[in-house]
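> I'd like to go over a predicted model; first the sequence, then the structure.
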Amino acid sequence: MMPPGENVRHSDDADPIRLGIVGCGSVAQLCHLKALEILPQFDVSILCDRKPSTALAAKTTFGLGAAVTENHRDFAGQVDAAIVCVWPRDHLEVSSELMAMGIDVLCEKPVAISAADATAMAGAAGRSDRILAVGQWCRCLKSSWLLRRVLSLGLLGEILEIDAEFGNVLRWPMSSDAYFDRRLTPGGVMFDAGIHVIDLVVWLFGEIFQIEFEDDSFGGVEANGILRGAVTVDGRPVPCHVAASWTHALRNCVRIRGTLGEAEARLGSTDELALSLIAGGRRVHVSMPARDLEFPFSSSNPYAAQLEDFAMAVRTRRAPITPVDTAILPIKIIEAAYAARRILEQPWLAPWVAVS
Amino acid sequence: MVGALGCGLMNFAKVLITGATGFIGSRLCEKLRLQYGQPYRALVRNFSSAARIARLGAEMVPGDLADGSGLDDALSGCDAVVHLAYGGARRAEQNLVAASRRANIKRFVHISSMAVHGPRPGPECTREETATIGRYNERYSDSKARAERIVQRAIAAGLPGVILRPTIVYGPYSPFVTQIVNSAKSGRLTLLDGGSGVCNAVYVDDVCDAIYTALHCDRALGKAFFVNADRTISWKEFNLTFANMISPPPRVGSIPAAEARAHWAAKKPSVKSNISAFARLIASSDFHDQLATVPALHTAMAWTKGGLKKILSADRVVAFQRAGSPRLGPVAHPSWPDRGRIVREDFHLEFSNERARRELGWKPAFDFSAGASLTCAWLDFAGMLRPATAHV
């Protein structure tokens, strides 16, 4: 293993950043490698997967000249930065080792299987003086930035309620049951879609407290989760509702209701924010476009925007938009939710199920 | 209700369920886990569909009936099989039956369908004893009939099997129900012949109870049973019950079934329709995505796109991409019932559940009102009763 900083080339603006990817499965291929196709900032140099066939498939599918390896330790001296897409249980070990080799890391969400592990990763990043960004791409959506702008302008008046939902019928390509295996992943939909909207609420408002939580797990990982709590806005507690689902489509947006109107930020590559404002005693529906927004990324694709941000962080040594220390709180919130867990009421499950 | 007539109860160490991630299979897994406490193993071809059963914490194993891969491992330690999978694969049943024989399975419950009697069954099909299975030139019916014939032959050769033929199964997660609700949310629902067809609706929990009973009832061995509710309803009642859960309720129209059949018959491929469809395919971004899964083609496409970007300005690239976007042709009639609905709803036979009640000791616990009420609770939970537009 290379000592921190040794034998690592830091690219200037003219040269692409030498990038390695650890874990070349679905998220690497469908999200990161696809986004990387349009980004000149990176040169994918090494692909790593414990199944060489998976890395080779990624290499050929995307027409890359990258080397292929089964061991991320081969990245030493060969890359400046890495994307980590292995199972969450391995994030701590793999990311820490890469950073110790002097490699900056963008780690997929959830950054770790526990807040303790995430804190340890933040410590590892600090000790190695490396960048550790986390794949919380909702912070890279134009609609999220528009929402933050609306809040900063006070257009909604006094905030009364926050409602965040993210859910779809799960169709993510899988080659095994590992997605649902508690030995490899910390939970179900809350650590998947749920952590995205929780992260967004935390990014906008800070900690969620007074947490109540219901899910539909009966010994496995939950497919539906509903969290109720409160955030602090202008010193007042404001009710907050977060829902995530793997079994059906939800609204897939963050809605904020205030005394002067409502705003709805869609969780997609949208360039608009839906607003409903009370003006002159009448409710007016408008769309707020992103054209005047100071959005720091050129791409509306959140994965590409996130990679743009990561590239800028690597080159300028500034903090990324999703630094690891800000990814700890969402995990703590889910841990608190699991600790407060009750069975989600589902009347159709039938009378023999005791719903507490 | 299960085992009301006191079938002998066999105890199974573990039941292998094929089709466990489907509509009926997922509900069966829920009931085996939450109600019956029966250990089971879910055979899963595509784990992407397994979220609903993954929450139950039961065993899931990979396997594919089409090529038989994983079946021997999946059956290891199992002494019963519930075969729910339907994929139309030619060798699925042969592979499963052969593997079940090798594993010395004690009970094989095959979930067939009323569709084995075709889209227009005669009155002899009301009862299992006289019902015939033929070939109908209708894909689903023919596929289910072929599968059942294979299992029947295996049973005749000694496989300890039971065949269940559920009718129109509905309940939470039912594709029949969500189709109606989605149509209603669009503001318009079209019935066939005023919805006068016979709907043999049976609630999914009743089907699962019948499966559980068939697993345990020795008297069921070697026989086939319709699994239907006590009372049939009209397709008008079925459609409007769910459509009217939407607020505001949709406008309801009706067209003759014969006209709908003629409409789809006229849609049979012509040279012009083939060329149009091909042009749409070539321009489709989905098609490009699929092409890109072939590594050589992906590389060629990336090279071509890269070359274009170098040659053209950014604005022209965007203009080019827009020009290549698929243009949808005019939709002839947005509310023509699809072919599946025509087969299901232009139907005029009631299936008796008398044999299942008499010999299986099973009887349905849910009338349509009760089943619809539970389904409504799920639709509400799943947000499907919300207005179509969720924007503020």
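Here it is on my side, so go on. Small disclaimer: the values here were computed from a predicted structure and weren't measured.
> What are the boundaries of the helices in the stretch 151-300 of chain B?
Counting by DSSP state H, counting those that start in this stretch, the stretch 151-300 of chain B has helices at residues B:175-185, B:204-216, B:235-243, B:257-266, B:271-283, B:285-291, B:295-311.
> Pull the contacting residues for B:Phe347.
B:119-120, B:197-200, B:235 (Cβ atoms under 8 Å, 6 or more residues apart in numbering or on different chains). Placement of C-beta: from N, CA and C, glycine included.
> If any of these are buried, put those into a ChimeraX selection.
Typed into ChimeraX, the next command selects the buried ones out of the contacts of B:Phe347 (criterion: 16 or more other Cβ atoms under 10 Å in any protein chain shown):
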select /B:197,198,199,200,235
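> Sort out which one of the contacts of B:Phe347 lies nearest chain A for me.
The nearest member of those to chain A, counting by Cβ to the nearest Cβ, is B:Cys199 at 20.2 Å.
> partner residues bridging the closest one?
Beta-bridge partners recorded for B:Cys199 (DSSP bridges): B:Ile233.
> Please tell me I have it right and it contacts B:Thr241.
No - look at B:Cys199 against B:Thr241 with Cβ atoms under 8 Å: they stay out of range, at 10.1 Å.
> OK, contacts around the spatially most central residue of chain A?
Geometric centre of chain A, nearest residue: A:Gln136, 2.0 Å, by Cα atoms, centre = their mean. Taking Cβ under 8 Å, 6+ apart as the contact definition, A:Gln136 lies against A:109, A:195-196, A:199, A:203, A:322, A:327, A:330.
> I'd like the residues you listed as JSON lines, with pLDDT, distance to B:Ala356 and secondary structure appended.
Converted to JSON lines, the contacts of A:Gln136 look like this (pLDDT from 0 to 100; distance: Cβ to Cβ, whole Å; DSSP: H, G, I helix; E, B strand; the rest coil):
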{"residue": "A:Lys109", "pLDDT": "96", "distance to B:Ala356": "50", "secondary structure": "coil"}
{"residue": "A:Ile195", "pLDDT": "98", "distance to B:Ala356": "47", "secondary structure": "helix"}
{"residue": "A:His196", "pLDDT": "97", "distance to B:Ala356": "47", "secondary structure": "helix"}
{"residue": "A:Asp199", "pLDDT": "98", "distance to B:Ala356": "52", "secondary structure": "helix"}
{"residue": "A:Trp203", "pLDDT": "97", "distance to B:Ala356": "57", "secondary structure": "helix"}
{"residue": "A:Thr322", "pLDDT": "96", "distance to B:Ala356": "58", "secondary structure": "coil"}
{"residue": "A:Ala327", "pLDDT": "97", "distance to B:Ala356": "55", "secondary structure": "helix"}
{"residue": "A:Pro330", "pLDDT": "98", "distance to B:Ala356": "51", "secondary structure": "helix"}
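> Give the buried subset of these as a PyMOL selection command.
The buried residues among the contacts of A:Gln136 can be selected in PyMOL (16+ other Cβ under 10 Å) with this line:
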select buried, chain A and resi 109+195+196+199+203+322+327+330
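> Return the distance of the nearest residue to A:Thr54 once chain neighbours are set aside relative to chain B.
Nearest in space to A:Thr54, with sequence neighbours left out and distances taken as Cβ to Cβ, 6 or more residues apart in numbering or on different chains, is A:Cys24 at 4.9 Å. Applying Cβ to the nearest Cβ, to the nearest Å, the value for A:Cys24 to chain B is 13 Å.
> same thing with A:Leu267?
In terms of Cβ to the nearest Cβ, A:Leu267 sits 12 Å off from chain B.
> swap in A:Arg251?
Distance from A:Arg251 to chain B, by Cβ to the nearest Cβ: 5 Å.
> low-scoring pLDDT stretches of chain A, where are they?
For chain A, residues meeting the criterion pLDDT under 70 lie at A:1-14, A:269, A:350-356.
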